[in-house]
Each structure stands twice: as C-alpha cells, then as structure tokens.
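*Asks:* quick one: sequence and predicted model below, then my questions.
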Amino acid sequence: MKPIENTFQEFVDAMQTAGEPAEFEAVAARLTRHLGFRWFAYLRLTENKPTLISSYPKAWTSRYFELGYQNLDPVVWRTRREHELFEWGGDAAAPTGTKEQRRFFEEATTFGIKSGITVPIRGGFGRIAAFTLATDERTLQTGRLAVEYKDIVQLSALYFHTHVTTKLNIPPMPPAGETTLTQRERQCLAWAARGKTAADIAVLVEIAPRTVVFHLDNARRKLGAASIAQCVAEALRRGQLP
C-alpha cells in the first residue's frame with residue numbers, strides 16, 4: 001500500500017471516532033500536512049448561519065464573518081458554479097473578479113493565505129459546502145498537487161462533509177430525489193469507499209472488472225454524481241452504505 005493510501009486510511013479511521021468540532025479539525029489538519037498544505041477549511045453555507053471548521057488563523061476567520069466575506073469570496077463564488085476540484089491563487093493566476101474581490105485576496109495574503117485547492121460539495125436548493133486546502137507559498141505547484149491527489153482530496157472532502165453533517169446534527173442538504181441502489185451497487189461502492197480499485201473489487205466480490213465498472217457507473221448515474229468519490233459520499237449521506 002502506498003504512503004498516500006495509508007494517509008487516507010488513517011483519515012477515514014479517525015473520522016469514525018471524531019465527534020466534536022475540535023476533533024474534526026485535528027483529523028483534517030493532519031491530512032492537510034501529509035498532503036503538503038498548511039491549512040484546511042470546511043465551509044457550509046445554507047439559509048441559516050454558516051458552518052466553519054478550519055485551521056486558518058483565528059484572526060482571519062473572525063474577520064471573514066464579521067465583514068460578511070462569505071458573500072464576496074471568489075472561491076465561494078466558484079464553488080457555487082463548479083462541480084470539480086479547482087485551484088486558486090499563486091503567482092501564475094492573473095487577478096480576476098471585481099475590485100473588491102481582488103482586494104479580498106490581497107487581504108487574505110496578509111494572513112499568509114496565498115494559494116490552494118477547493119472541492120465544491122453541492123446539495124439541493126442552492127445549498128453548498130466547500131472543502132479547501134491552502135498554503136502560504138505562492139510558488140507551490142498546487143496544480144500538480146491537485147492532479148496527483150485529486151481523488152484522495154475529493155473523497156476526503158466528501159467523507160468530512162458527511163461525518164460532520166451527521167455527528168454535529170447539522171440538517172443534511174436535501175437531494176433532488178431518492179433513488180435506491182441495488183445490493184451489488186452498494187457492495188461495489190462500499191469497497192470503493194475503502195479506496196479499492198475496480199480490479200481489487202473484482203477479486204473481492206468475485207466478478208469481472210468490467211462488471212464492477214458497470215455497477216459503479218450505474219450507481220453514479222442514479223445518484224447524479226460527477227465522480228465515484230462523490231457517489232460514495234452521496235450514498236453514505238442517504239444511508240445506502242454500511
């Protein structure tokens with residue numbers, strides 16, 4: 001098993017025992033450091049008060065909400081529009097957005113927050129959440145890291161969102177509708193949730209690899225997921241996985 005796979009498995013195991021915001025923060029902070037970033041932030045926006053769990057400097061997060069920056073933040077704006085992991089900041093990124101948004105990024109850099117990657121998490125009725133890994137280095141190759149760790153980061157973000165929503169009694173973001181997975185689809189997804197490849201699952205379940213892919217694709221389409229990682233998290237949230 002590769003080191004990054006060990007890191008992910010440790011994260012999954014620790015998420016099972018976390019129950020308080022500080023514990024969730026500690027678990028995600030460890031993962032963040034192992035992936036080469038300095039901070040993480042999980043921000044959930046609904047019609048009610050925003051939910052934030054992060055390792056960002058407290059002075060920055062306090063100022064962020066005091067000034068209502070969640071309504072200005074270009075990363076939040078992109079989270080509302082995009083479905084896949086994206087990168088932001090860094091020397092290679094040209095200034096974008098309004099004058100106020102550019103000033104927001106400039107202010108963030110005074111707290112050391114200069115670049116990062118974000119996973120959008122979407123729910124029904126316009127509800128969103130964002131899981132961000134950030135660094136204080138402009139020259140860090142976030143694009144390379146995004147490609148190298150994309151699946152791990154996306155799956156970690158969705159695991160984090162699911163466990164936080166469940167254990168902190170946060171009302172879940174409602175889906176557009178309910179769909180029931182077959183027993184085989186649930187079985188394949190359950191192994192995928194543990195980081196197993198289609199070839200691994202084929203051996204464990206004793207079916208052909210192409211049949212595993214067929215069941216995973218069916219589950220993804222049923223749940224309206226853009227990726228298997230998102231499909232796993234959505235199935236977990238709907239209680240269709242053990």
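*Replies:* Here it is on my side, so go on. Small disclaimer: the values here were computed from a predicted structure and weren't measured.

*Asks:* what helix or strand does the nearest residue to Val205 once chain neighbours are set aside sit in?
*Replies:* Of all residues beyond its chain neighbours, the one nearest Val205 is Gln187 (6.0 Å), with distances taken as Cβ to Cβ, 6 or more residues apart in numbering. Bear in mind the C-beta positions are built from the backbone N, C-alpha and C, glycine included. Element membership of Gln187, judged by DSSP states H and E, is helix 183-192.

*Asks:* buried residues, that helix. List them.
*Replies:* Burial within helix 183-192, assessed by neighbour count using 16 or more other Cβ atoms under 10 Å, is assigned to 184-192.

*Asks:* can you name the element that comes right after the helix-or-strand element of the chain with minimal mean pLDDT?
*Replies:* The weakest-scoring helix or strand in the chain, judged by mean pLDDT, DSSP states H and E, is helix 142-148 (a mean of 63). Next in sequence after helix 142-148, counting helices and strands by DSSP H and E, comes helix 150-167.

*Asks:* contacts for that next one?
*Replies:* Helix 150-167 is contacted from outside by 4, 7-8, 11-12, 15-16, 18-19, 24, 28, 31, 35, 42, 44, 51, 53, 85, 117, 119, 121, 129, 131, 133, 146, 170-173, 193, 195, 227, 229-230, 232-234, 236-237, using Cβ atoms under 8 Å, 6 or more residues apart in numbering.

*Asks:* do the same with stretch 210-223
*Replies:* 175, 179, 181-182, 184-189, 192, 198, 201-202, 205, 225-228, 230-231, 234-235, 238.
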